[in-house]
Every structure is written in structure tokens, then in C-alpha cells.
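Visitor: Attaching a predicted model along with its sequence, questions to come.
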Amino acid sequence: MDQIEVDDKVMSDSMRTQTIRTGGHDGTEIEAYLARPDGPEPRGGVVVIHHMPGYDRATKEIVRRFAELGYDAICPNLYFREAPGAAPDDAAAVARARGGVPDERLVGDVGGAAAYLRSLSSSNGKVGVIGYCSGGRQSVLAACSLDLDAAVDCYGAFVTGTPPDGMPIRTNLVDKLPQLRCPLLGLFGNEDSYPSPNQVDELEEILRRHAKTYEFHRYDDAGHAFFAVDRPTYRVAAANEGWDRIATFYRKYLEG
């Protein structure tokens, strides 16, 4: 296999990664990280929404994991406008100081990433979204605002509940939940505070009342960020089962 430049490098015989530019909110081009399995066969796509620490190594590993599962996967750099080319920690600090990512801009950026995936010759036309922590909330926001085929919320804070003062998240999504456009998978830790079990209960009650398609799984001895392998919060059993749930969910809604 030919050697490809650092910006478009071969990971293995089965995967390629690229740093690309894709359309975002108001037509602005932003940076994004793309991972694709080799081969022309039709497949679904996944938009990965990075957590509040930013467009970092851990998030890019998740993007590659979805490529290993057989999907075209992309992560838009939500902080690109604030700090193009900056290290993830620095870009996150600038974005937080400016009040975080506005909801309208998030929807535009995720919409641009989804459109990019659907434009690929390998696309079967189906796109899902997933996010962790703040990205979990933003995954639900995108699913209430865009025509997507599946959404995953991994312990998204303030989908319900009231954000405390000083948080870059200003509002919850209670008013938007009746507009949820696709099936939702939720994965939550019972030791979490944001979202707390009561906030997850509230979310479930709203979805049930509006006859939405959803599937929730809750894990004992797991708090916030239990998927994060580089943090003390990592919980092996919960994370492994969570990944199995995600794979099954996406097979159901993004394939065929």
C-alpha cells in the first residue's frame, strides 16, 4: 500500500484516517477528523461529538473504533473557530471562556458532518450521532433538530435538570425533546450527579409520554465518564457492556 501523507495516513490494511475540512454552521469550514474502513461496500456513518475537554486523542480513538466496527466516522472540531490549530486543552479553555458552543452552531456543525458522511461514495444514506458528557447532551440536541437515523447519549448532562451558575451550558433540552426525530440509546451511571438518576427518570418519562423510541441502560457503581479509559472514573464492566449496546443499536438502525 502506498504511503500517504501525515494528514491522510494509512492506519492499517483496513482503515484510513484523515484530517479534513467540512462545512459547518453558516457555511463556515471547520476542521474534522475522519476514519473510514477500506472497501467500497455501502455502510452507515457516525458523527462523534467530542466532550468538553475538546477535540483530543481520546475522542479520535473513539472515531477509529467506529471505523473498526465498519462505519465511516467523523468528529467535527467544535472549538475550531475559537482556536484553530491550538492544543485541545487550550482550545477548550478559550471556548469555555466565551460561554461554550452555542446550540444553534452545534446543530449546524453536526449537520455539516452528517452531510459530508452522506456524500461519500460508500454511504448507505444512514447516519447516527453519539456524544459523551456535554457531547451526550449535544447528541440529543442534534437528534431533536436534524434528520438522523440513530442517536446515542452517554451520560449527557442537562438534557433535563437545571445547569448551575457558571456552567457553559445555559439551558436544558426539555422543550426540544418532543421533537426527537430518531431512536435514542441512553447509557448512564447510577452514581452520576449530572445527570442524576432523577434527571434520567425525568428524561425517560418525557420520551415515554411523547411515544418516542428509546432504550436506556443504567449501571451501578458507575458515575460520570465511565467510558473514559484514561480517568479514575473508568468502569470496565459498564464500559464494555455499553460498547456492546452501542454496536447492537447501530447495527439495528444504521445497517441494511
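Guide: Cool, the structure landed.
Visitor: tell me the average confidence for the lengthiest helix in the chain?
Guide: For the chain, the helix that runs over the most residues, judged by DSSP state H, is helix 236-254. For helix 236-254, mean pLDDT is 98.
Visitor: Please apply the same query to stretch 103-114.
Guide: Taken as a whole, stretch 103-114 has a mean pLDDT of 98.
Visitor: Just give me how far that stretch sits from the chain centre.
Guide: Relative to its chain's centre, stretch 103-114 lies at 12 Å (C-alpha atoms, centre = their mean, to the nearest Å).
Visitor: and that stretch, which residues are buried?
Guide: For stretch 103-114, the buried set under the neighbour-count rule, 16 or more other C-beta atoms under 10 Å, comprises 103, 105-114. C-betas here are computed from N, CA, C, even on glycine.
Visitor: ok, residues contacting it?
Guide: Contacts to stretch 103-114, defined as C-beta atoms under 8 Å, 6 or more residues apart in numbering, come from residues 22-26, 30, 32, 45, 47, 49, 74-76, 78, 101, 127, 129, 138, 141-142, 145-146, 148, 171.
Visitor: And stretch 80-87, by the same measure?
Guide: Contacts of stretch 80-87 (C-beta under 8 Å, 6+ apart): 28, 30-31, 55, 79, 90-91, 94-95, 98.
Visitor: swap the cut-off to 6 Å and go again
Guide: 30-31, 91, 94-95 (C-beta atoms under 6 Å, 6 or more residues apart in numbering).
Visitor: quick revisit: show the buried residues in the contacts of stretch 103-114.
Guide: Buried among the contacts of stretch 103-114 (16+ other C-beta under 10 Å): 22-25, 30, 32, 45, 47, 49, 74-76, 78, 101, 127, 129, 138, 141-142, 145-146, 148.
Visitor: one step back: okay, and which of the contacts of stretch 80-87 map to helices?
Guide: Taking DSSP H as the definition of helices, these contribute 91, 94-95.
Visitor: Need the buried ones from these selected in ChimeraX.
Guide: Selection of buried members from these for ChimeraX, criterion 16+ other C-beta under 10 Å:
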select :91,95
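Visitor: Go through the ones in helices among the contacts of stretch 80-87 and name the one nearest residue 62.
Guide: Residue 62 lies nearest to residue 91 out of the ones in helices among the contacts of stretch 80-87, by C-beta to C-beta, at 17.8 Å.
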